[in-house]
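Visitor: Sharing a model that was predicted from the sequence below.
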Amino acid sequence: MRDINEYSITEAVVSSMTRCADARLQTILTSLVQHLHAFARDVRLTEDEWSKAIAFLTQVGDITDERRQEFILLSDTLGLSTLVMSQSTGKPASCTESTVFGPFFVDGAPIYHNGDDISNGARGAPCYVKGQVRGADGEAVGNAWIDVWQSDEDGFYDVQRLDDSHASSHRARGRLRTDAEGFFNFRTILAEAYPIPHDGPVGRMLAATGRHPWRPAHLHFRIEAPGFETLITQVFREGDRYLDSDVVFGVRSTLVADWIRHDPGIAPDGRRIEVPWYTLDYDFILNRAQILA
């Protein structure tokens with residue numbers, strides 16, 4: 001392993017891993033080394049450029065904490081999250097498509113019943129959401145767990161507002177179950193477009209490459225039911241200006257739906273609302289889990 005040069009270094013590193021006990025790990029690292037080295041040769045990467053890249057990754061790590069996941073933002077904005085998701089979630093065309101998870105999911109969200117208001121004071125126009133969860137053969141999926149989360153009208157998720165003395169730790173976020181026939185309904189707020197956090201290194205990367213930080217309006221869903229693959233997806237608002245330029249490349253045409261505007265009046269839960277309000281009706285089709293022999 002002496003006198004390594006730019007031509008022999010790749011094989012030297014690959015050969016150093018031949019005793020790896022984990023075959024999959026060896027496969028991944030071997031390919032990673034080969035592609036990284038090929039990239040460096042292709043662009044003739046300089047030491048100064050590599051030092052700047054290390055500084056950038058260090059900054060991504062420094063800003064990441066339990067409330068902000070800059071590495072997920074980096075993966076999302078480079079399209080890697082969508083690539084990995086796409087090659088990992090093949091399913092029949094009849095099933096609801098998956099899309100990226102995003103950095104704002106929270107374990108332990110409050111549990112609600114059908115018909116409840118999950119907004120919990122989050123700012124935004126009232127919105128009523130309903131639908132049914134079914135299997136690919138049309139069967140109702142009862143008692144499925146649904147996680148839902150979204151930003152408020154200012155473009156912030158609840159976890160971004162924990163320094164706000166007037167904010168609850170959980171707003172526009174919750175868990176509920178479908179009924180025996182797979183139906184669900186809840187009240188929340190109107191989905192609005194918003195920029196991803198762009199005051200850090202990922203934001204500077206976007207600005208340097210002439211990209212905007214905006215995501216089209218959407219609701220996040222995670223749906224779990226025994227015997228079915230877990231669905232992680234988003235439903236996007238028809239007519240949003242960013243549907244064709246989503247900064248994280250997450251939009252699928254089948255996931256775009258109409259939010260219907262209603263004039264002030266009696267809402268689905270019987271209460272009178274003095275401002276315009278909205279409804280969304282969207283069904284989800286789950287894929288059967290594969291049974292391993």
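Guide: Noted; the coordinates are in hand.

Visitor: residues contacting residue 276?
Guide: When contacts are counted by Cβ atoms under 8 Å, 6 or more residues apart in numbering, residue 276 is found next to 125, 261-264. Yep, even glycine has a C-beta here, placed from its N, CA and C like the rest.

Visitor: Report the secondary structure state of residue 184.
Guide: Each residue gets one of three states, and residue 184 gets strand by DSSP: H, G, I helix; E, B strand; the rest coil.

Visitor: one step back: of the contacts of residue 276, grab the buried ones for ChimeraX.
Guide: Buried residues within the contacts of residue 276, as defined by 16 or more other Cβ atoms under 10 Å, are selected in ChimeraX through the command that follows:
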select :125,262
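
Visitor: In helices only, show me the contacts of residue 276.
Guide: Counted as lying in helices by DSSP state H, out of the contacts of residue 276, is not a single one.

Visitor: would you turn the contacts of residue 276 into JSON lines with distance to residue 69?
Guide: Below are the contacts of residue 276 laid out as JSON lines (distance: Cβ to Cβ, whole Å):
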{"residue": "125", "distance to residue 69": "28"}
{"residue": "261", "distance to residue 69": "34"}
{"residue": "262", "distance to residue 69": "36"}
{"residue": "263", "distance to residue 69": "40"}
{"residue": "264", "distance to residue 69": "39"}
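
Visitor: how about the contacts of residue 276, which pair is most distant?
Guide: Across the contacts of residue 276, the longest distance by Cβ to Cβ is 12.2 Å; it joins 125 and 263.

Visitor: Please tell me how far residue 141 sits from residue 89.
Guide: Counting by Cβ to Cβ, to the nearest Å, the separation of residue 141 from residue 89 is 18 Å.

Visitor: Which of those two has more residues huddled nearby?
Guide: residue 141 (20 against 17; other Cβ atoms under 10 Å).

Visitor: What's the end-to-end length of stretch 136-149?
Guide: Stretch 136-149 has its terminal residues 25 Å apart, counting by Cα to Cα, to the nearest Å.

Visitor: after the helix or strand of the chain with the lowest mean pLDDT, next one along is what?
Guide: Least confident helix or strand, the chain: helix 80-88 with a mean of 92, by mean pLDDT, DSSP states H and E. Downstream of helix 80-88, the next assigned helix or strand under DSSP states H and E is strand 126-135.

Visitor: Quick check: which helices or strands does that next one pack against?
Guide: If contacts are counted by 3 or more Cβ pairs under 8 Å, 6 or more residues apart in numbering; DSSP states H and E, strand 126-135 sits against strand 183-189, strand 277-281, strand 284-286.

Visitor: Out of the contacts of residue 276, which is nearest to residue 211?
Guide: Closest to residue 211 out of these is residue 125 (28.9 Å), distances taken as Cβ to Cβ.

Visitor: Apart from its neighbours in sequence, what residue is nearest the closest one?
Guide: Across the structure, with Cβ to Cβ, 6 or more residues apart in numbering as the measure, the residue nearest residue 125 apart from its sequence neighbours is residue 190 (4.1 Å).

Visitor: Could you point out which residue ranges in the protein have low pLDDT?
Guide: 162-168, 291-293 (pLDDT under 70).

Visitor: Pull the number of nearby residues for the residue nearest to residue 125.
Guide: Neighbours of residue 190 using other Cβ under 10 Å come to 21.

Visitor: isn't it right next to residue 123, touching?
Guide: No: taking Cβ atoms under 8 Å as the definition, residue 190 is not a contact partner of residue 123, at 10.2 Å.

Visitor: what sits in contact with each of those two?
Guide: Here residue 190 and residue 123 share the contacting residues residue 153, scored by Cβ under 8 Å, 6+ apart.

Visitor: Now do the contacts for residue 110.
Guide: 118, 120, 170, 173-175.

Visitor: Over to residue 61?
Guide: Going by Cβ under 8 Å, 6+ apart, residue 61 touches 70-71.

Visitor: picking that back up, contacts for the least confident helix or strand of the chain next, please.
Guide: Outside helix 80-88, the residues within contact range by Cβ under 8 Å, 6+ apart are 72, 75-76, 98-101, 232, 248-250.
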